[in-house]
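Trainee: below is the structure, and that's it, no one-letter string:
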């Protein structure tokens, strides 16, 4: 289903970028969980324009909506599984359509989160900064991500093969307040 697209993309991006899968999953849920068909799962065709989030039925519908809002002079909007802001991060993508690609969206989110972790010193602080550098907003978002982390269901079965090096071991669960994972 479309709801599986964000979770699969998070899995691949976490492995490729050496970022904690659980943190990416929690951010995707904080950003897009619960909308159209998502039922508490991240949704790839999510947009947020000027604080109004929408869960679209399809990729084409989401793209048409953003193009329409852009024609109406909206310039700052969040796109896709990880709600990447086009105004601030759009140059990292070749097109609006690429920003809606779950894998491209997740890969950028993982890279961005990893760069924030290097600066912040912890995954938890980086998660707050993912949303905002304003201390109050970052703290509120970090608490939301920590709450989601604490209630995450087990990762998908294919995670054991990717993160366990084929040994069948499940990835180490990262506690909401755990020390940063060594790299």
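Mentor: That came in fine, so what should we check first? Not measured: the values here are computed from a predicted model.

Trainee: so what's residue 13 up against?
Mentor: 19, 24, 103, 106, 107, 109, 110 (Cβ atoms under 8 Å, 6 or more residues apart in numbering). Where you see a C-beta, it was placed from the backbone N, CA and C, and this is true even at glycine.

Trainee: go on, residue 152?
Mentor: Taking Cβ under 8 Å, 6+ apart as the test, what residue 152 contacts is 22, 25, 26, 29.

Trainee: any idea how far the residue nearest the centre of the chain lies from residue 75?
Mentor: Among the residues of the chain, the one closest to the centroid is residue 82, at 3.1 Å (Cα atoms, centre = their mean). Distance of residue 82 to residue 75, computed by Cβ to Cβ, to the nearest Å: 20 Å.

Trainee: before we move on, back to that, tell me which two of the contacts of residue 152 sit farthest apart.
Mentor: 22 and 29 (10.6 Å; Cβ to Cβ).

Trainee: give the contact list for residue 131.
Mentor: 30, 137, 138, 141.

Trainee: list just the nearest of these to residue 130.
Mentor: residue 141 (7.3 Å).

Trainee: any idea which element that closest one lies in?
Mentor: helix 135-151 (DSSP states H and E).

Trainee: tell me which other helices or strands that helix touches.
Mentor: Applying 3 or more Cβ pairs under 8 Å, 6 or more residues apart in numbering; DSSP states H and E, we find helix 135-151 packed against helix 21-32, helix 123-131.

Trainee: okay if I get the ones you listed as JSON lines plus distance to residue 95?
Mentor: Putting the helices and strands packed on helix 135-151 into JSON lines (distance: least, Cβ to Cβ, whole Å) gives the following:
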{"stretch": "helix 21-32", "distance to residue 95": "20"}
{"stretch": "helix 123-131", "distance to residue 95": "23"}
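
Trainee: kindly reformat the ones you listed as CSV containing distance to residue 9 and mean pLDDT.
Mentor: As requested, the helices and strands packed on helix 135-151 are exported to CSV (distance: least, Cβ to Cβ, whole Å; pLDDT from 0 to 100):
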stretch, distance to residue 9, mean pLDDT
helix 21-32, 9, 95
helix 123-131, 16, 96
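
Trainee: for these, which one ends up most surrounded?
Mentor: helix 21-32 (a mean of 26; mean count of other Cβ atoms under 10 Å).

Trainee: ok, and what's touching the longest helix belonging to the chain?
Mentor: Taking DSSP state H as the criterion, the chain has its longest helix at helix 102-120. Under the contact criterion Cβ under 8 Å, 6+ apart, helix 102-120 has outside partners 5-6, 8-10, 12-14, 16-19, 23-24, 27-28, 44, 79-82, 84, 89, 92-93, 98-99, 123, 125-130, 180.
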